[in-house]
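1. need coordinates for the following:
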Amino acid sequence: MSSFDAKTRCERADFVAPYALSTLERGEAQAMQAHLPACAECQREFEALAPVTDALSALRTQSLPPPVALWERLLGRIDKQSPRSNAPSMAAAPASVTAWPEAEWRNVAPGISCKLLSTDPERDCVTMFVRLAPDTSYPPHRHRGVEELYLLEGELWIEDRKLLPGDFNYAKPGTADQRVWSQTGCMCLLITSPSDQLG
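-> Just a heads-up that it's a prediction; the model follows:
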């Protein structure tokens, strides 16, 4: 979320994150595309979202084979719906299709679970989904590197700021968060350093 005061904040600033993630309806997206070059505030927010959108684009564009079970269900449906002929059945998956091991959610603390998406040891950076159960606090911490958070579900408080789905938070290296908590429970996409200092 931008640090601009609500009175001076651009009225279209709330559309920047959905625009960057290509989730706006066509009309709103066109309006935002026309607005962006003329608004320095929205341009800054759009540029701050670049690492998040790049990470999501990389995930979306990975060429991954479908899991065997999904492939078999899909071919089974096609086989059932296609006209009967002397052609061999399509029910078996090709030998080259292998299951892709999807990351699992892991409980890392009471009420907090994570799903690791990627690690970059050279940049000391991880990308992950983080889920907080209702009435859960994240431990106080100091950021070793840049932290970028995009809220997907629920509500999240960072100090005295309330984030809602679609809100983005950027924290510089060396800054600290004393109180991060969710009354409703929430899920976010988080890019951060695994070397953050807790406590």
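2. what's opposite the spatially most central residue of the chain in the beta bridge?
-> The centre of the chain sits closest to Leu189, judged by CA atoms, centre = their mean, with a distance of 3.5 Å. Per DSSP bridges, the residues bridged to Leu189 are Phe129, Tyr150.
3. all further residue positions should be reported with the first residue as 466.
-> Understood, numbering begins at 466; the last thing we discussed is Leu654.
4. against Val573, how distant is it?
-> Look at Leu654 and Val573: by CB to CB, to the nearest Å, they are 16 Å apart. All C-beta spots, glycine's among them, are computed from the backbone N, C-alpha and C.
5. cool, Gln648 as well?
-> From Gln648 to Val573 the distance is 20 Å (CB to CB).
6. before we move on, what about Ala499?
-> Taken as CB to CB, the span from Ala499 to Val573 is 43 Å.
7. let me see the contact set for Cys590.
-> Contact analysis of Cys590 by CB atoms under 8 Å, 6 or more residues apart in numbering lists Thr584, Gly610, Ile656, Thr657, Ser658, Pro659.
8. for the chain, which segments count as helices?
-> For the chain, applying DSSP state H gives helices covering 481-485, 491-500, 505-513, 515-526, 533-546.
9. what about Ser578, how many neighbours?
-> 16 (other CB atoms under 10 Å).
10. so it is in contact with Glu569, correct?
-> No: counting by CB atoms under 8 Å, Ser578 sits too far from Glu569 to count as a contact (9.6 Å).
11. and the pLDDT at the closest residue to Ser602 other than its chain neighbours?
-> Distances taken as CB to CB, 6 or more residues apart in numbering place Trp646 nearest to Ser602, at 4.0 Å, with adjacent residues excluded. Looking at Trp646, its pLDDT is 95.
12. repeat for Asp470
-> 46.
13. over to the one 5 residues further on?
-> At Cys475, the pLDDT value in this model is 88.
14. count the neighbours of the residue nearest to it when sequence neighbours are not counted for me.
-> Spatially, and ignoring its direct neighbours in sequence, Cys475 is nearest to Glu506 (4.8 Å; CB to CB, 6+ apart). Neighbour count for Glu506, taken as other CB under 10 Å: 15.
15. return the set of buried residues in stretch 652-664.
-> Met652, Cys653, Leu654, Leu655, Ile656, Thr657, Ser658, Asp661 (16 or more other CB atoms under 10 Å).
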